[in-house]
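1. Task: produce atomic coordinates for the following.
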Amino acid sequence: MLDTVTDALARFWDEYNTEILLSVAVIIGALVVIWFVRRSIKHWHKRVVHRLAGSHDQEDREKAQRFKTLSGVVMVVVLVTVWSIVILTIMSVWGIPMAPFLAVGTTVGIAVGFGAQDVVRDVIAGFLILVEDQYSVGDVVNIAGVSGSVEKIRLRTTVLRDLDGNVHHVPNGQIRVASNMTSAFARYVADISISYDSDIDVAMEVILDTGTAMAAEPRWIPFFLEEPEMLGVNELGDSAVTIRLLLTVATEERWAIKREFLKRVKYALDAAGIEIPYAHLTVVLKEEDSRKS
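-> All right, here's what the predicted structure looks like:
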């Protein structure tokens, strides 16, 4: 039995030794290419990702996150490409006709393509989001009708967490417009309404002084990127005059500055005797006619 197997292997080697050697060489070459690519990516991780991830700068940490994601994408693309070339080369070496496989592959590909259009669209959109740096982990964004802080950026989905703590998984293919509210700097447009009886010039001065004083305090100085800018009267409404002030601030303190400024401007306007109009409801009680029995 053993002699029969040995003879069969010997005849097989004598007849197909060239094809076997070429196939082994192709596989070894593919493994070398994959090893080289993987080693290069790991080397980049040590030199780039580790340095950026350990930085105290939020922007550097965001770059590290994008680099890690893109590295994974590159590795997957390389693996698929290399092994596809290996399979096709080996089939050619052994004289296996590729036409039937191509026909079947085309049919399967078309069927899968129709069924996975959304997945493919999501993956392409996710790759473009990463490459174009539309937003990064930690940014507060509004995408596909959902607002929140970006926790993860995957190839197929973006993960957001809103102020209530809810986690939203948004397919990247559904993102038509991405509004990044924390990119580089933020602006808070403060619209303050006063009554028509109030002195507009005095009100504008009080509002501007409040913003300027806040921007000069040690607690807030690092977060005001520019001096508060008074834009003036923005609207003459039905029951109020709206005055607009512009604050250019650091993104991470945008909402804290808004809340603190509104509190201070309320106190300042009250102290200056300037009324902030609000809706009134007057109730008139009609006395019952005493003559009515």
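2. List of residues touching the strand or helix carrying residue 203?
-> If you go by DSSP states H and E, residue 203 is part of helix 200-215. Outside helix 200-215, the residues that touch it by C-beta atoms under 8 Å, 6 or more residues apart in numbering are 190, 192, 194, 220-221, 224, 227-228, 230, 232-233, 241, 243, 245, 247, 257, 260-261, 264-265, 268-269, 272, 274. Any C-beta I mention is one placed from the backbone N, CA and C, and that applies to glycine too.
3. And these, which of them are buried?
-> 190, 192, 194, 220, 224, 228, 241, 243, 245, 247, 257, 261, 265, 268-269, 274 (16 or more other C-beta atoms under 10 Å).
4. in the stretch 51-200 of the chain, which spans are helices?
-> Under the criterion DSSP state H, counting those that start in this stretch, the stretch 51-200 of the chain contains helices at 58-93, 99-115, 117-132, 200-215.
5. comparing these, which gets the lowest mean pLDDT score?
-> When those are compared on mean pLDDT, helix 99-115 scores lowest, with a mean of 65.
6. Now residue 230: closest residue in space, sequence neighbours ignored.
-> The shortest distance from residue 230 to any non-neighbouring residue, by C-beta to C-beta, 6 or more residues apart in numbering, is to residue 208 (4.5 Å).
7. Share the number of residues neighbouring the one you found, please.
-> 16 (other C-beta atoms under 10 Å).
8. try the one 3 residues further on
-> Using other C-beta under 10 Å as the criterion, residue 211 is surrounded by 25 other residues.
9. which ones are touching residue 194?
-> Counted by C-beta under 8 Å, 6+ apart, residue 194 has contacts 200, 203, 240-241, 243, 269, 274-277.
10. quick one: which of those residues is nearest to residue 135?
-> Lowest distance from residue 135 to the contacts of residue 194 (C-beta to C-beta) belongs to residue 243, with 32.6 Å.
11. Can you check the pLDDT for residue 141?
-> Looking at residue 141, its pLDDT is 91.
12. pretty sure it is touching residue 159, no?
-> No: with contacts counted by C-beta atoms under 8 Å, residue 141 stays clear of residue 159, the gap being 11.4 Å.
13. Of these two, which one has the most company?
-> Taking other C-beta under 10 Å, residue 141 and residue 159 do not tie; residue 141 has more neighbours (23 against 16).
14. Now for the more buried one: which residues touch it?
-> Residue 141 sits in contact with 135, 147-148, 150, 160, 178-182, where contact means C-beta under 8 Å, 6+ apart.
15. try residue 198
-> Per C-beta under 8 Å, 6+ apart, neighbours of residue 198: 241, 274-275.
16. thought residue 188 was touching residue 257?
-> Yes: with contacts counted by C-beta under 8 Å, residue 188 reaches residue 257, the gap being 6.3 Å.
17. Residues that sit against both of residue 141 and residue 159, list them.
-> Shared contacts of residue 141 and residue 159 (C-beta under 8 Å, 6+ apart): residue 150.
18. returning to what we had before: which one of the contacts of residue 194 is nearest to residue 39?
-> The nearest member of these to residue 39, counting by C-beta to C-beta, is residue 243 at 62.4 Å.
19. any idea whether the closest one is helix, strand or coil?
-> With DSSP: H, G, I helix; E, B strand; the rest coil as the basis, residue 243 sits in strand.
20. Now for it: which residues touch it?
-> 191-194, 200, 203-204, 207, 230, 232-234.
21. Ok, residue 196 next?
-> Residues in contact with residue 196 (C-beta under 8 Å, 6+ apart) are 239-241.
22. how about it, phi and psi?
-> Per-residue torsions, residue 196: phi -70, psi -20 (degrees, to the nearest 10).
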